[in-house]
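Asks: could you work out the structure for the sequence below:
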Amino acid sequence: MTGDAVDNGPAPPSDPQDRAPEPSLRVSPLEIFFDLVFAFTLTQLTSVLAAHLSWLTVGKVLLIFGLLWWMYGAYAWLTNSRPPVHAAERIGLLAGMAGFLVVGIAIPQGFGSYGVVLGLGYLLVVAVHGFLYYRVNANILRVVPFNTASALLIIIAGVLRGPGGQADLAAYALWVAALAVQLGSPLVVHPAGLFQLRPGHFLERHSALLIVAIGESVAAIGIGAAGPVDRRGGADWTLLAIAVLGLIVAGALWWIAFGAGDDERAERALTKAGDTRRAALALSAFFYGFIPLLLGLVGLAAGVLVAVRLAGAPGSVGESAVLACGAALFLGGNAAVRRHLRIGPVRLRAVAALLALATVGIGVVAGLDVQLVAVALVLVLPLFAEPCRTAARRRA
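Replies: A predicted model of the protein is given here:
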């Protein structure tokens, strides 16, 4: 309001449709910094999966990822409510980042000697989030007990170890219970009406995380390739080709997620949904829908790391399956996000996900490097087929 304005008393209540739009909230550099630390936990999961591939390892990765992704989403909602512009909020976010960093460092031995450390790091993440969010919205007190109980279950699980120093069956049961407590909390505490959401910032934040995660997966591949290069005398062209193929795959992932203008359409869909339905839509698309997207990134990066290590040798069924499932999960997750928000065609991406699964045989017979070529082609397929299909419909 300017100095020339005249005070005519309280303004009459206006229709919600006539209210002026809120000022645009942009993702801050500190939030990007936060995302980089969180992405470190994803690269740790990638390294664990690539180094010790087994069904047990897959289970561990899923349990750790589920808990970490829940709390990342919690921090995304926090900064969407109040950006970190004051010193207390910035210090708090840095403390939360420290918790994620401790968890990331503990991940390789999270079900062994570092189990309690992982749980304590996670408790720090939970406590900082609850404190910061309470300063914004007291409704968070309805959710804090679930998050705290989950962290305490992980700490107790870290104490329960078998004769070999690894987690016993009771510890795994506590991990499953901890994940169930958190994922089940929206069924008890419905977020609609309790927590407001600004679509522009929310979309930008999740897009930034996805870009950071794709970038860190490329960095993990590069670091994985650097070791063999140091140990070998001459240039290994097969290894270099596999690393470049990994970059091509990452580029295709970026194009799938961002190359068709999905961000703009997603923001319009969330804005149009209104306050009541927006929270549920955000949960379905950007929490549950992002689970296969990020797990797909972990699987793809792990598969490429194994391909670099084998450098042209045939892979096992498990190694080929990780690469294929990673691509299928990413495509399926992207299709799920599109379907939830109704922002684009999903059929060709779902078909491509099925084709990605079919590349397992190629990896077993011809090698992971050849399978990587096939996976890259499958990822590129919908990027060319969808515009052609749209053009054909317009001509018809």
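
Asks: contacts, neighbours, all on C-alpha from now
Replies: OK.

Asks: residue 80 against residue 195, yeah?
Replies: No - contact criterion C-alpha atoms under 8 Å: residue 80 and residue 195 do not qualify, at 10.0 Å.

Asks: what are the contacting residues of stretch 93-110?
Replies: With C-alpha atoms under 8 Å, 6 or more residues apart in numbering as the test, stretch 93-110 has contacts from 34, 37-38, 40-41, 44-45, 48, 84, 114-119, 121-126, 128-129, 158.

Asks: to clarify, my last question referred to stretch 158-176.
Replies: With C-alpha under 8 Å, 6+ apart, stretch 158-176 has contacts from 63, 110-119, 153-154, 156-157.

Asks: neighbour-wise, which of those residues leads?
Replies: residue 154 (31 neighbours; other C-alpha atoms under 10 Å).

Asks: tell me how far that one lies from residue 103.
Replies: 11 Å (C-alpha to C-alpha, to the nearest Å).

Asks: overlap in contacts of the two?
Replies: 118, 119.

Asks: rewinding a little: so if I had to pick from residue 80 and residue 195, which one is more boxed in?
Replies: Neighbour totals were compared for residue 80 and residue 195, and residue 80 leads with 21 against 18 (other C-alpha under 10 Å).

Asks: in a strand, that's where that one is, yeah?
Replies: No - read with DSSP: H, G, I helix; E, B strand; the rest coil, residue 80 is helix and lies in no strand.

Asks: ok, residue 45 touching residue 59?
Replies: No - with contact defined as C-alpha under 8 Å, residue 45 does not reach residue 59; the gap is 11.3 Å.

Asks: those two: who's more crowded?
Replies: Comparing residue 45 with residue 59 by other C-alpha under 10 Å, the one with more neighbours is residue 45, at 27 against 12.

Asks: list the contacts of the more buried one.
Replies: 61, 65, 107, 108, 298.

Asks: can you check the pLDDT for the residue lying closest to the first one once chain neighbours are set aside?
Replies: Leaving out its chain neighbours, the residue that sits closest to residue 61 by C-alpha to C-alpha, 6 or more residues apart in numbering is residue 45, at 6.1 Å. The predicted local distance difference test score for residue 45 is 95.

Asks: and residue 45, which of the three is it?
Replies: helix.

Asks: beyond the helix or strand encompassing residue 245, next helix or strand please.
Replies: Residue 245 is part of helix 237-258, with elements assigned from DSSP states H and E. Downstream of helix 237-258, the first helix or strand assigned by DSSP H and E is helix 262-282.

Asks: circling back: now the two most distant members of the contacts of stretch 158-176.
Replies: 63 and 113 (17.2 Å; C-alpha to C-alpha).

Asks: which residues are contacting stretch 266-275?
Replies: Residues contacting stretch 266-275 (C-alpha under 8 Å, 6+ apart): 192-193, 196-197, 199-200, 203, 278, 281-282, 341-343.

Asks: quick one: stretch 36-52 to chain centroid distance?
Replies: 12 Å (C-alpha atoms, centre = their mean, to the nearest Å).

Asks: got the CA positions of that stretch in CSV?
Replies: In CSV, the C-alpha atoms belonging to stretch 36-52 read as follows (Å, rounded to 0.1, in the frame of the first residue of the first chain):
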residue,chain,number,x,y,z
LEU,A,36,23.0,-32.0,-2.3
VAL,A,37,23.5,-33.5,1.2
PHE,A,38,20.3,-35.7,0.8
ALA,A,39,21.5,-36.8,-2.7
PHE,A,40,24.7,-38.0,-1.0
THR,A,41,22.6,-40.6,0.8
LEU,A,42,21.3,-41.8,-2.5
THR,A,43,24.8,-42.2,-3.9
GLN,A,44,25.6,-44.2,-0.7
LEU,A,45,22.7,-46.5,-1.4
THR,A,46,24.0,-46.8,-5.0
SER,A,47,27.4,-47.8,-3.8
VAL,A,48,26.0,-50.4,-1.4
LEU,A,49,23.8,-51.9,-4.1
ALA,A,50,26.6,-52.1,-6.6
ALA,A,51,29.2,-53.6,-4.1
HIS,A,52,27.0,-56.3,-2.5
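
Asks: would you mark the buried spots in it?
Replies: For stretch 36-52, the neighbour count (16 or more other C-alpha atoms under 10 Å) marks 36-50 as buried.

Asks: any weak-confidence spans in the stretch 51-200 of the chain?
Replies: 192-193 (pLDDT under 70).
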